[in-house]
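Asks: I would like the atomic coordinates for the input below:
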Amino acid sequence: MDFHAAFVLWRGLGVNYEGGVLANTARVAIHVTHRLGAAVTGLTLITLGLTIWGRATSLRLKQAGLILVAAVLLQISLGIATVHFGFPLPVATLHNAGAALLLLAMVWLVRALWPAPAVGMVPFAHVDRPQ
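Replies: So this is what the prediction gives:
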């Protein structure tokens, strides 16, 4: 594996990227790094979601925890399917969409954990819009 060649941030101008510019060892390094990061992140988020689901008292938090776990499992499944089937474009695109869904699940969880507005605060829906 060639980690040095895999993570060069700037290759200069005028490089023809058709057919790829990385050697196979650099591509393997990128894939291994992605899988290790995905494993650590996935286990962390699944643990977070299950902990919130198990300890939450509100239905909203329980739902947010379960949706987070479901989104992580879907993303991992799509990643495995992408590699298993040889990187077909529709499955790879679904893997990207799964990342967006995972982001939305995290935003929902953060919003469910957000404290209630302080007394006297005006909700956004009731703010007068400029004319």
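Asks: what segments of this structure are helices?
Replies: Counting by DSSP state H, the chain has helices at residues 3-6, 24-55, 59-84, 89-113.
Asks: skipping adjacent residues, who's closest to the most centrally placed residue in the chain in space?
Replies: Centroid-nearest residue in the chain: Ala99, 4.0 Å away (criterion: CA atoms, centre = their mean). Nearest non-adjacent residue to Ala99, counting by CB to CB, 6 or more residues apart in numbering: Gln75, 6.5 Å away. Yep, even glycine has a C-beta here, placed from its N, CA and C like the rest.
Asks: check that neighbour and give its pLDDT.
Replies: pLDDT for Gln75: 96.
Asks: so it makes contact with Ala100?
Replies: No: judged on CB atoms under 8 Å, Gln75 makes no contact with Ala100 at a distance of 10.0 Å.
Asks: ok, these two, which is more surrounded?
Replies: More crowded of Gln75 and Ala100, by other CB atoms under 10 Å: Gln75, with 24 against 11.
Asks: many thanks, I have nothing further to ask.
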